[in-house]
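Peer 1: Sequence and predicted structure are below.
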Amino acid sequence: MTIHALTGGEGPPLLLLHGHPQTHAIWHRVAPTLAQRFTLVLADLRGYGDSCKPAGDADHGNYAKRVMARDMLRLMLALGHDRFAVLAHDRGARVAHRLAADHPEAVSRLALLDIAPTLAMYEQTSETFARAYWHWFFLIQPAPLPERLIEADPAAYLRDVMGRRSAGLAPFDPRALAEYARCLALPGAAHGLCEDYRAAAGIDLAHDRADRDAGRRLPMPLLALWGEQGVVHRCFKPLDEWRRVAADVRGQPLPCGHYIPEEAPEALLAHVLPFLSEPSEDR
């Protein structure tokens, strides 16, 4: 398995994980500042960007967040980081949640952007949520239907998904959009993206329910930030939901929509820098 990542900066290690349908390029507006304080690892999730895109299997386990989290742990260990903080958006934040749940000894602090826990979002799905997050239910349809439709015009899919959010396409640097479009057009990218969502609607829920039934909670400090103009703010209570699964939770909405690192980089930095700079207890 090959995971594509960029590294840079100086200081304690910080893993940055992107969301759908993007790549590590989402961090381009905040990475220069973060790199002044942290050693950054900007990774592409399996199935996304320039990382490997394995075929899915019957239970979609190749894209279970448990497996995607293991990718990131192995990456960090290979780079010499056995304990690190994580800043993650959207799909990457779901991977980060599982990474922290399965490997709490490795994750010192966790900052998650514009999500509530996957299990909570599926169990509380409403008509409003389903209409706004239509892609959740499109992408989980059996292969190859969604793959074929995405592959017919990857750039159009990208524009439609990202442009229908609250801010439209205005917040995005054209160079970042071009990079997202390039990567979505790569062979296997549409399939990897769909398998990520198929796993989230099946095997990932089983893993999350097992954690809930066992009473397992995340022990490390968790910062949840979300856009006050977005669907998560409108349909869920993120702090309440994260407090069901983690012991130390703080957070608030930011004045933006879903794509926080690109829509509100200064607001994001104002919250994550103090949080990530707090001393963490050794485990």
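Peer 2: Everything's here; your move. What you see is a predicted model; the values in this text were computed from it and never measured.
Peer 1: Without its sequence neighbours, what residue ends up closest to the residue nearest the centre of the chain?
Peer 2: The residue lying closest to the centre of the chain (Cα atoms, centre = their mean) is Gly92, at 1.9 Å. With sequence-adjacent residues excluded and distances taken as Cβ to Cβ, 6 or more residues apart in numbering, Gly92 is closest to Leu17, at 2.8 Å. Quick note: C-beta positions are derived from backbone N, CA and C, even for glycine.
Peer 1: ok, which stretches of the stretch 1-150 of the chain are strands?
Peer 2: For the stretch 1-150 of the chain, applying DSSP state E, counting those that start in this stretch gives strands covering 5-9, 13-17, 39-43, 84-89, 107-113.
Peer 1: Paired strands for the second one, with orientation please.
Peer 2: For strand 13-17, sheet partners with direction are given as strand 39-43 (parallel), strand 84-89 (parallel), following DSSP bridges.
Peer 1: For that strand, which outside residues touch it?
Peer 2: For strand 13-17, contacts defined as Cβ atoms under 8 Å, 6 or more residues apart in numbering pick out 24, 27, 31, 34, 38-43, 45, 72, 75-76, 79, 81, 83-89, 91-93, 95-96, 276.
Peer 1: Next, the angle strand 107-113 makes with that strand.
Peer 2: 30 degrees (axes from the mean of the first three to the mean of the last three Cα atoms, to 10 degrees).
Peer 1: How much space separates Pro154 from Leu218?
Peer 2: 35 Å (Cβ to Cβ, to the nearest Å).
Peer 1: Repeat that for Leu16.
Peer 2: 19 Å.
Peer 1: The two: which has the busier surroundings?
Peer 2: Set Leu16 next to Leu218 and count neighbours by other Cβ atoms under 10 Å: Leu16 wins out with 26 against 19.
Peer 1: That one: what's its closest spatial neighbour, skipping adjacent residues?
Peer 2: Closest residue to Leu16 apart from its sequence neighbours, by Cβ to Cβ, 6+ apart: Leu42 at 4.7 Å.
Peer 1: Specify the beta-bridge partners of that neighbour.
Peer 2: Bridge pairing for Leu42 - DSSP bridges - gives Leu6, Leu16.
Peer 1: can I assume it is in contact with His24?
Peer 2: Yes - Leu42 lies in contact with His24 (Cβ atoms under 8 Å); the separation is 3.9 Å.
Peer 1: picking that back up, per-residue confidence at the residue nearest to Gly92, what does it come out as?
Peer 2: In this prediction, Leu17 carries a pLDDT score of 99.
Peer 1: And the helices in the stretch 1-150 of the chain?
Peer 2: Ranges of helices in the stretch 1-150 of the chain, per DSSP state H, counting those that start in this stretch, are 31-34, 65-78, 91-102, 118-123, 127-132, 134-139, 145-152.
Peer 1: Report the buried residues of the second one.
Peer 2: Pointing back at helix 65-78 there. Buried residues in helix 65-78, counting neighbours by 16 or more other Cβ atoms under 10 Å, are found at 65-73, 75-76.
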